[in-house]
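S.K.: no sequence for this one, just the structure:
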């Protein structure tokens, strides 16, 4: 794996983050994130995006992106009022998925022409700008896996929860085959829907599996927020302290009983993005009897300590290397978490913890995470 | 079945549509349709609902319901500006699910504190007001079925489509059991998500099946809009003319190959609400070699003609009665479609077409359709 470490450092970066060339979008197209039959937001052949909103009585209409490195610009952009009360503006926006909102007379609202996604702790408009050179996350004409909603009563939280379970193409037909399992977590302010709706994880896996680039696997996506019974949260507060227990006590038994899994640590992985990356490392590295593949995508790892984190697992590099079939860390150079990742990578390298450090271009955003999932999933479960 | 017809005419109406008594909501509660951790909309113990919106710079904020018989009142209700730019109002709203929007300075927008649902052809805020005496659609502490998203490339439309498939509790465990199938369609301006998100169909079926009140079945919920390849729709136009072919050419073969169905007309039903009720009758009655159970909930049946509709199937009542194990029609007395349903019922009765006519209280709304699904599903597939 050490060879892979050095081999992978800059690999595929150019594929994921190359400069867009919009020649393929000849005459432009409606954004894929539009509500059906809505003409705007509209993606032009040069990659610019036109927003149009009907608000005849409004005094001002603006559009603002919500990502940390804002592809819409740091300040809201003013739309111009046209005839019939239609407000319009055209601005350049990077390819990928971006949360955004309109601001009408000073009040942030969602764009009725775009699908809403659960992000920033609420229903938020999303914009998908097609990438002119990258389509590994788009559905192909092929057999698709299913994404199943499953409800369960959590012993840990005492409440009903919903988990989304991706089963790979032909799962229903191959009734004797058993599959390895990846537990995959969303970021702060998102939900169990994020990896399929914002991340297109199911299509990424479909494409990898159908072309032999990934071993067919089940992917389990739960909500990263969880509290123990009796905890009363004030409005707009979010807690996730019970999530690790949910994975161990609720989820793994549920998934292993309901799906044709290979119920063994050698065939069980956990990964996540941002807050979910921190959770993946916490759950995975603290439970190496249950997980042997661990990945963090642009992870929130603010209290990382090489001596004490994760039950001191790194104090014995030989044992850790024996148990960890893969320890994978990725972060984008424009991400606020990048320098922390570099520091952690150097500490791990220094004491001989085998891992893959996968730095790329890009910020704290879904286009980067889709690429990390492709990369991570293509390595998983290969011995 | 004639006995059932007369027996059922007024049955259960009182259960579904009885006057609310809010004693059970002692101190009130957040609406179940709220985004997680949002305090408003808030349901009080007397059944009134408080809306609260932060809009410090707005000159006016209103709330308006979008149902045809508007439980919010016909005119928008003004919210009152309080300290810190919080606008607030408390109004009585009937139990059930209602589409609504805010109007900020004259522009209709969604409430950021409520979940959005696909209705009225776009993402629209939804409000679930708990019913104090009826909970057949709420999840219980029990085994739940799955709701599976499945993507397929339609031979009929030439495009990728998504269908939602409910598999009943213990479907994964009972690997040799085969199940009858109900095809279940949404209304105009809605999507394949409506029956589970707005309608809670999966919990209704869970509860019926877990208590032995319905035969375990698979429920297939697709999008009722479909056009043939090459049809270019102008913005905001909706067409469904290819949907019957999608059911026959795409869906039935897909579902029968991917799920453990009983692939026979005796074990295949179709039903729907409003536009979807019209489609259910069109698809079902024109294809009695494939369906023998047909239901319409508050159906759009504007061109009904007893002699010519559905290929003239009613011209031979003996044959129609032989092939139709169940022909079920329901409509609420406050629904604009009610008088049409009464007229159709009388025509069917006159020529001896065996059917169940199930008139109830209520308008063109989800609480009524949830009740119809419970009633219809509990009769299905019993010989």
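M.R.: Noted; the coordinates are in hand. This structure is a prediction, so every number in the text was calculated from the model and none was measured.
S.K.: show me the helices in the stretch 251-383 of chain A, by range?
M.R.: For the stretch 251-383 of chain A, helices defined by DSSP state H, counting those that start in this stretch occupy the ranges A:252-258, A:275-286, A:309-312, A:317-323, A:338-351, A:366-379.
S.K.: pipe the ones you listed into a markdown table and attach mean neighbour count per row.
M.R.: The way it works is simple: take the backbone N, C-alpha and C, and place the C-beta from them, glycine included. Listed next are these as a markdown table, based on neighbours: other CB atoms under 10 Å in any protein chain shown:
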| stretch | mean neighbour count |
| --- | --- |
| helix A:252-258 | 17 |
| helix A:275-286 | 25 |
| helix A:309-312 | 15 |
| helix A:317-323 | 14 |
| helix A:338-351 | 16 |
| helix A:366-379 | 24 |
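S.K.: between those helices, which one is closest to chain B.
M.R.: Shortest distance between chain B and the helices of the stretch 251-383 of chain A, using CB to the nearest CB, is found for helix A:252-258: 5.1 Å.
S.K.: what does the stretch 151-300 of chain A put close to chain B?
M.R.: Proximity of the stretch 151-300 of chain A to chain B is confined to A:151-153, A:160, A:165, A:172-173, A:175, A:191, A:196, A:202, A:225, A:233, A:235-238, A:258-259 under the rule CB under 8 Å from any CB of the partner chain.
S.K.: mark which of these are buried, thanks.
M.R.: Among those, those classed as buried by 16 or more other CB atoms under 10 Å in any protein chain shown are A:151, A:152, A:153, A:165, A:191, A:196, A:202, A:225, A:258, A:259.
S.K.: out of those, which one sits closest to residue B:126?
M.R.: Ranked by distance to residue B:126 (CB to CB), those are led by residue A:191 at 16.6 Å.
S.K.: before we move on, back to that, dump the buried ones among the residues of the stretch 151-300 of chain A next to chain B into CSV; add pLDDT as well.
M.R.: Below are those laid out as CSV (pLDDT from 0 to 100):
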residue, pLDDT
A:151, 98
A:152, 98
A:153, 97
A:165, 98
A:191, 97
A:196, 98
A:202, 98
A:225, 97
A:258, 96
A:259, 98
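S.K.: and residue A:121, how many residues sit next to it?
M.R.: Residue A:121 sits with 19 neighbouring residues when counted by other CB atoms under 10 Å in any protein chain shown.
S.K.: would you check that it makes contact with residue A:191?
M.R.: No. With contact defined as CB atoms under 8 Å, residue A:121 does not reach residue A:191; the gap is 9.4 Å.
S.K.: between the two, which contacts overlap?
M.R.: By the contact definition CB atoms under 8 Å, 6 or more residues apart in numbering or on different chains, residue A:121 and residue A:191 are jointly contacted by residue B:36.
S.K.: could the helices of the stretch 251-383 of chain A be laid out in JSON lines, adding distance to residue A:56?
M.R.: JSON lines is the format used below for these (distance: least, CB to CB, whole Å):
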{"stretch": "helix A:252-258", "distance to residue A:56": "51"}
{"stretch": "helix A:275-286", "distance to residue A:56": "41"}
{"stretch": "helix A:309-312", "distance to residue A:56": "57"}
{"stretch": "helix A:317-323", "distance to residue A:56": "63"}
{"stretch": "helix A:338-351", "distance to residue A:56": "45"}
{"stretch": "helix A:366-379", "distance to residue A:56": "34"}
